[in-house]
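1. structure, please.
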Amino acid sequence: MPADLLFEIGCEEIPARMLARALAELPAQVDARLAAARLEHGATRALGTPRRLAVIVTGLADRQPDLNEEVVGPPASAAVDADHKLTKAGQGFAAKNGILAQFGTEAHLKTTSELGLQLREVPGKKGLYLVATRHVVGGETRALLPELLRELAAGIAWPKSMRWGWSETTFVRPVQWLVALYGGEVVPLSWAGQTAGRKTRGHRFLAPGWIDLAGPGHYVEALRAAHVVVDPEARRVTIEAELARIAKETGCRVREDATLLAEVMNLGEWPVGITGQFDPSYLEVPAEIIVTAMRTHQRYFAMEDAQGKLANRFATVMATTVTDPAVVQRGNQNVLAARLADAKFFFAEDRKHTFEQWNEKLDGIVFQAKLGEGAKTIGNKVRRIETIVRDLGGGAAALRAAHLCKADLASTAVGEFPELQGVMGRHYARLAGENDAVANAIEQHWWPKGQGAALPQTGEAALVAIADRMDTLVGCFAVGLEPTGSADPLGLRRAAIGIWSIVIDRGWKDVYTKAFDASVAALALEGVKLADRKPIDEFFRARLRGIFVDSGIAAQDTDAALAQGYADPVDARARALACGKIPKEAREVFKRIANILDDARVAKHEFGITVDASLFQPVEARLWTAFAREQGRAFGDYNEQIGMLVALQPDVAAFFDKGGVMVMDPDPKLRSNRLSLLNAIYSRFSRIADFRKLGASA
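-> As a prediction, the model looks like this:
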């Protein structure tokens with residue numbers, strides 16, 4: 001009968017981010033290994049805390065099903081002789097699949113039919129092949145589990161692993177115990193210096209002893225009784241409830257922070273909320289510094305008053321209950337006070353400096369060493385950004401923002417809190433008397449900070465953001481730093497996607513080409529030359545393709561549209577969407593036209609778009625009349641042009657299939673006229689897409 005499986009690896013504390021990744025990936029890894037082992041099962045559930053990683057599989061079958069499968073061997077020409085007896089190649093195949101062993105030493109004397117082998121055709125291959133039917137008796141799950149679980153444990157991918165003692169086994173942290181239960185029975189398993197049993201451990205301080213588990217079904221409840229919330233989602237709910245309690249007790253709201261919550265929920269086994277305060281004088285510092293200091297260094301949640309302003313309170317989560325919460329509260333407050341005192345000092349020191357002083361320091365900070373002495377610093381980059389923005393037609397505010405956009409990188413606040421680059425620039429710009437357009441552009445030129453993140457909200461910010469990213473991309477490609485494979489340490493794919501996202505959002509038509517050319521020219525003035533434009537052009541095209549496909553546009557429609565141009569992504573998107581409305585019949589007939597014209601060009605046949613109606617046969621005349629009628633109508637967007645294409649499809653199909661017309665007629669005059677007829681029609685729509693890339697179905 002099916003039974004539940006529990007496998008737990010107990011270890012020293014796993015870092016929160018590593019635990020979150022393992023919990024997300026473990027169910028799929030378990031399902032894959034069970035599928036490979038041909039073991040049917042129900043739901044797979046990953047559980048874990050910093051001290052353990054576990055999986056529960058419900059309804060795991062007690063044995064594999066018997067396997068009957070056909071195995072294709074070598075072709076008949078190599079596997080059998082004229083008497084239908086096996087050659088050496090055929091004998092090797094039969095031996096590998098356990099067939100010769102059934103017949104002993106006389107096996108080589110028997111024919112393929114006597115051995116139970118077939119000679120027949122195989123789909124996808126030409127000729128006859130030797131085919132064996134292999135029967136494998138299913139094994140018992142209890143016998144398969146030890147090796148399967150060892151492989152599972154060893155196969156968990158960690159960003160960093162370690163060895164301990166004298167063992168060669170690696171894991172994220174030293175393993176301290178194992179639990180492996182199938183139903184109520186212990187799976188005989190040894191790994192990483194531990195032997196599996198039915199004993200797990202409770203909370204390190206609140207219930208440090210061993211806990212006997214009757215079976216997988218008692219695991220979660222038994223650990224909760226021992227002050228361990230092993231279900232990560234249950235910990236999330238507990239933390240949210242604790243934060244809500246703190247908010248009710250203090251009268252302040254806890255600021256939502258999904259990223260911090262996702263980390264905090266994997267920092268302990270028994271979450272208990274606690275609050276604290278800090279000196280209100282620190283609120284004179286920009287709120288972003290305070291919040292960053294709390295969440296980055298201490299994992300504290302910020303709190304705000306009823307008006308949404310930052311309050312001088314915080315909330316945090318302990319991993320245990322304590323006898324005197326006030327002691328813990330004072331300790332957290334003291335630690336935070338030191339952090340905020342540093343932040344206040346950094347802010348005060350920064351206010352003693354000007355943007356120009358910071359910009360001077362940027363000439364000593366390397367952006368990319370491979371660009372060479374005349375172009376490698378952030379100061380060089382800022383001057384190139386200014387040049388690109390000027391070439392893009394940026395006004396005074398955009399040019400001022402370009403000049404100041406990287407200055408805060410030299411500030412002490414950003415040096416301590418790199419996450420605040422741009423944010424502090426905005427604050428310092430306002431304090432220096434810069435207008436809001438400049439201040440906001442300094443911050444927002446860093447946007448978007450990731451896929452789906454907010455885009456620059458003003459034209460000035462958008463221009464500086466595009467100039468910054470384009471300079472990075474062209475410079476890196478010029479010195480051979482383009483991404484290879486899945487590796488992209490410089491974030492160039494993200495930068496290109498950011499440019500396209502901004503251009504599409506702003507609806508700008510020619511900014512991509514202008515920014516590209518301006519960046520190439522600016523780098524050339526500093527001695528950095530882009531030898532070949534094709535790789536970076538293809539890189540940008542591939543990123544735009546990904547954006548379109550991810551948005552739901554079919555890949556073939558995207559490819560057909562981009563083949564006819566992508567520098568204006570708004571126009572390219574409209575063409576790709578229009579392609580999606582072309583029905584199957586129209587796709588096929590216009591793809592046929594495209595291929596005929598392409599072959600004619602390869603063969604160097606002469607044709608244009610001017611036709612001689614006196615040479616028409618009736619079916620040609622009908623097609624030309626229909627085309628003239630449709631062409632005479634006024635058409636606006638691409639959808640209307642596609643409507644014209646669809647309306648012409650029956651006449652074009654009749655031209656090919658019912659009129660008895662040979663396009664590639666031996667008479668060069670007729671051939672040229674018919675090719676010109678097709679070219680005149682196709683040219684009307686070729687701006688939309690390359691129809692050769694369209695599939696047969698919509």
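
2. which parts of the stretch 301-450 of the chain are strands?
-> For the stretch 301-450 of the chain, strands defined by DSSP state E, counting those that start in this stretch occupy the ranges 301-304, 310-318.

3. may I see those strands arranged in a markdown table, with mean neighbour count as well?
-> Heads up, the C-betas are built off the backbone N, CA and C, glycines and all. A markdown table is the format used below for the strands of the stretch 301-450 of the chain (neighbours: other Cβ atoms under 10 Å):
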| stretch | mean neighbour count |
| --- | --- |
| strand 301-304 | 22 |
| strand 310-318 | 21 |
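
4. wait, which of these is closest to E69?
-> Of all the strands of the stretch 301-450 of the chain, strand 310-318 sits nearest to E69, with 53.3 Å by Cβ to Cβ.

5. list the strands paired with that closest one, with their directions.
-> strand 272-277 (antiparallel), strand 301-304 (antiparallel) (DSSP bridges).

6. skipping its backbone neighbours, what lies nearest S77 in space?
-> G127 (7.2 Å; Cβ to Cβ, 6 or more residues apart in numbering).

7. what's around that neighbour, how many residues?
-> 10 (other Cβ atoms under 10 Å).

8. tell me which residues touch it, please.
-> By Cβ atoms under 8 Å, 6 or more residues apart in numbering, G127 lies in contact with 75-77, 121.

9. save the residues you listed as CSV, and put in secondary structure, distance to I499 and neighbour count too.
-> Shown next, in CSV, are the contacts of G127 (DSSP: H, G, I helix; E, B strand; the rest coil; distance: Cβ to Cβ, whole Å; neighbours: other Cβ atoms under 10 Å):
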residue, secondary structure, distance to I499, neighbour count
P75, strand, 54, 17
A76, helix, 59, 18
S77, helix, 58, 11
E121, strand, 54, 12
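
10. which pair in the residues you listed spans the largest distance?
-> S77 and E121 (13.3 Å).

11. and N679, how many neighbours?
-> N679 has 21 neighbours, counted by other Cβ under 10 Å.

12. what's the answer for Y282, then?
-> 20.

13. same question for H605.
-> Other residues within reach of H605, judged by other Cβ under 10 Å, total 14.

14. tell me the contacts of it?
-> H605 sits next to 664, 668, 671-672, 675 when contact means Cβ under 8 Å, 6+ apart.

15. next one: phi and psi at it?
-> Dihedral pair for H605: phi -80, psi 140, per degrees, to the nearest 10.

16. pLDDT wise, what is it at?
-> In this model, H605 is scored at 88, pLDDT.

17. how near is it to P668?
-> Look at H605 and P668: by Cβ to Cβ, to the nearest Å, they are 8 Å apart.

18. now do D408
-> 71 Å.

19. so these two - more neighbours on which side?
-> More crowded of D408 and P668, by other Cβ under 10 Å: D408, with 25 against 10.

20. need the nearest residue in space to that one, chain neighbours excluded.
-> With Cβ to Cβ, 6+ apart as the criterion, D408 has its nearest non-adjacent residue at 3.6 Å, and that residue is G425.

21. now do A207
-> A226 (3.8 Å).
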